[in-house]
Structure formats: structure tokens, C-alpha cells
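Chemist: predicted model, plus sequence, below.
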Amino acid sequence: MSQQDKKLIDGHPYVKYTHVHYGAEEMVLKSKLFHGWMDTRRSVREFSDKPVPKEVIDRVILSASTAPSGAHKQPWTFCVVSNPAIKSKIREAAEKEEYDSYHGRMSDSWLKDLQPLGTDWHKPFLETAPYLIIVFKKPYNIGPNGEKLNNYYVNESVGIACGFLLTAIHEAGLVTLTHTPSPMNFLAKILERPGNERAFLLLPVGYEADEVYVPDLSRKGLDEVAVYYE
Ligand code: IYR
């Protein structure tokens, strides 16, 4: 980047920014193709144990970490588990919580809503998938003197990063599942995370198993999800 592309504004460094521009037709086509591609993404609960190149995991995490965040604090940590013993520990703890959820903690209407998805407390994918990515949010950072430095819009920021992560995983030709065992504080314990990290989402990542069926669902149409004020 040449010198004239950078300048100080109010004493802070800025760089010149221009985004790529398309003609209207190409823009419509690109947005159409992207929607079509994103609409092929599905949550998958049965995984193959086929190995995945680690660099793909590194890259999807880097893509997730490009998400905007409150005051650019990037209040997230992505823990990547491929160690079979740790995966087993996570499965055991998650299934214990899920068993209790499915046998009393979840309401009847919640269980009824989940019936078409065929979920239950068994979570074999926690051992089968070659990688588990556990996303932690950081409500605060710890300063040099041990003081708490609050982050901002942490749920929004980490939620957006997870959206980017799902998109990057799909783009790489891999599948995942947004798994939210509840409560999920066992994850910070097993992974020995520092006190300022809270588990946010667990994503098994890999290839789908042979012959996987997913619920035959359709997505809401534009008229159901968007309201235009013209
Ligand atoms: N966390 C549980 C239950 C569950 C809840 C919802 I809402 C889902 O869309 C799917 C599952 C589980 O992972 O089985």
C-alpha cells in the first residue's frame, strides 16, 4: 500500500477503502447464485470420520474472525478439538446434560417442536466428527493488572462470527451442526479455559456420513421474513 493510501484522522491511522463494484445485472446474478448456494446448507447430525486438512479448519476460523465486533474487540476464542480422549470427555459430559434436558428440563411443547428433527440426547457426532470447534465468548478481557476490561455487544459479535464460521465451513465443502448442550459450562472446565471465557456454541466439523437424510424442510419466503417500507 502506497503512502498516500494512509492518513491520520484525529490522530488515528486510517487506510483508504474501496470495495469491488459490479454492474446491476452482475450484482443480481451474484446475489441470486449466493442465495442458491447458501440454501443448500443443512445442519447435519451424522458425520464421517474421514480426516479433514487442518489448514481448512485454520482458514474457516480466520474467516469467522473477520466478523465485525463491538469496538473491534474480537471477543471470541475458537477451541479446536481433534484429540479423541478430549472428544470422548466432551461427549460424555454433553450427553449427561442432554439426557437431563430431554428427560424433564425441556417443556413438552419444546420436545414436540423437535420431533420432526429427530434429535435426542445421544450425541455420537461429538466423537465421530474429526474436529469439534467450541466457540467461547469473552464478556471481558483481563488487563495487565488483573482488572476486568468489558467488551461490548458480545453476543451480537460472537453470533455474527459464528454465522461467518458456518458460511466458511459450507464454502469449504464441509458440514456442521450448531450444537448447544445446556448448560454448557462443562466445556470451559474440560478445556481449562480462563475465567473470562464462556462457551457459546459447539460445532462438529467434517464430512457427512454416507447416506445421510436431513429433515425435508423448506425456508420461509421473502414475504414472510422481510417487510419493505418504500
Ligand atoms: N440442545 C439439544 C436440544 C435442541 C434444541 C433445539 I431449539 C434444536 O433446534 C435442536 C436440539 C440438542 O442438541 O439435542
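Modeler: Okay, I see it. What you are looking at is a predicted structure, and each value in this text was computed from that prediction instead of being measured.
Chemist: how close does Val158 sit to Asp113?
Modeler: 25 Å (Cβ to Cβ, to the nearest Å). To be clear about C-beta, it is placed using only N, CA and C from the backbone, and glycine gets the same treatment.
Chemist: what about those two, which has more around it?
Modeler: Under the neighbour definition other Cβ atoms under 10 Å, Val158 and Asp113 were set side by side, and Val158 has more, 26 against 11.
Chemist: my assumption is that the more buried one lies in a helix; please confirm.
Modeler: Yes. Note on Val158: a helix contains this position according to DSSP: H, G, I helix; E, B strand; the rest coil.
Chemist: which residues touch it?
Modeler: Val158 sits next to 69, 75-76, 135, 137, 200-201 when contact means Cβ atoms under 8 Å, 6 or more residues apart in numbering.
Chemist: which parts of this structure sit against the ligand?
Modeler: Those residues of the chain that sit near the ligand, judged by Cβ under 6 Å from any ligand atom, are 98, 114, 117, 119, 179-182.
Chemist: tell me the secondary structure at whichever residue of the chain sits closest to the ligand.
Modeler: Using Cβ to the nearest ligand atom, Thr119 is the residue of the chain that sits closest to the ligand, at 4.1 Å. With three-state DSSP as the basis, the three-state label of Thr119 is coil.
Chemist: please name the nearest non-neighbouring residue to it.
Modeler: Taking Cβ to Cβ, 6 or more residues apart in numbering, and ignoring the residues beside it in sequence, Thr119 has Arg45 as its nearest neighbour in space, at 7.2 Å.
Chemist: all set now, cheers.
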